[in-house]
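> test case, fold it:
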Amino acid sequence: MKLTLYTDYSLRVLIYLASKPKSELSTIKEIADSYQISKNHLMKVTYELGKMGIIETIRGRYGGIKLAKEPADINIGKLVRKTEEDFELVECFGKNNSCVITPVCGLKHVLAKALNAYLTVLDGYTLADLVTNPMDYRLLFQEQQPETEQ
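Down below sits the predicted model:
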């Protein structure tokens with residue numbers, strides 16, 4: 001199973017914000033530069049994370065974003081469920097199933113069990129579990145910033 005870029009970027013934004021001091025605001029540009037990814041993609045991601053109540057967005061000249069919750073309160077499994085479009089691993093998981101072997105095929109049950117196990121593992125982790133040493137992250141992010149901002 002491959003996560004969508006939307007979920008990947010959502011996780012990266014949260015990891016970035018969790019690595020920063022709690023009161024420090026970050027900008028979308030800063031995060032995009034750190035990961036060397038599209039600022040436009042991150043704008044949509046941060047907007048949606050704000051709507052979910054996971055991050056706080058502050059508008060204005062000195063605005064930015066920060067976590068709205070403690071990292072320990074942000075469950076990775078719940079986040080993935082909210083950010084993934086669907087979990088239709090194969091056609092028979094969907095509404096438009098036309099596979100002729102569906103009535104007798106055991107694959108659907110095996111894949112459903114595997115998907116459940118995958119999500120159960122993610123449910124066992126929070127953002128705090130992913131960012132156990134924030135300083136290590138900050139040093140790596142700092143190396144990615146353009147020279148004028150370091």
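> buried residues of stretch 43-62, list them for me.
In terms of neighbour count (16 or more other Cβ atoms under 10 Å), stretch 43-62 has its buried residues at 45, 46, 49, 54, 55, 57. Heads up, the C-betas are built off the backbone N, CA and C, glycines and all.
> quick one: the strands in the chain, in order.
Using DSSP state E, the strands assigned to the chain run over residues 55-58, 64-67.
> redo those strands as TSV? Include mean pLDDT and distance to residue 135.
Below are those laid out as TSV (pLDDT from 0 to 100; distance: least, Cβ to Cβ, whole Å):
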stretch	mean pLDDT	distance to residue 135
strand 55-58	95	21
strand 64-67	97	17
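> which of those sits closest to residue 83?
Closest to residue 83 of these is strand 55-58 (Cβ to Cβ; 12.8 Å).
> hmm, back to that, quick one: closest of the strands of the chain to residue 100.
Nearest of the strands of the chain (Cβ to Cβ): strand 55-58, 46.1 Å.
> what are the buried residues along stretch 106-114?
For stretch 106-114, burial by neighbour count (16+ other Cβ under 10 Å) applies to 108, 111.
> again, but for stretch 26-40
Of the residues in stretch 26-40, 26, 28, 30, 31, 32, 33, 34, 35, 37 count as buried by neighbour count, 16+ other Cβ under 10 Å.
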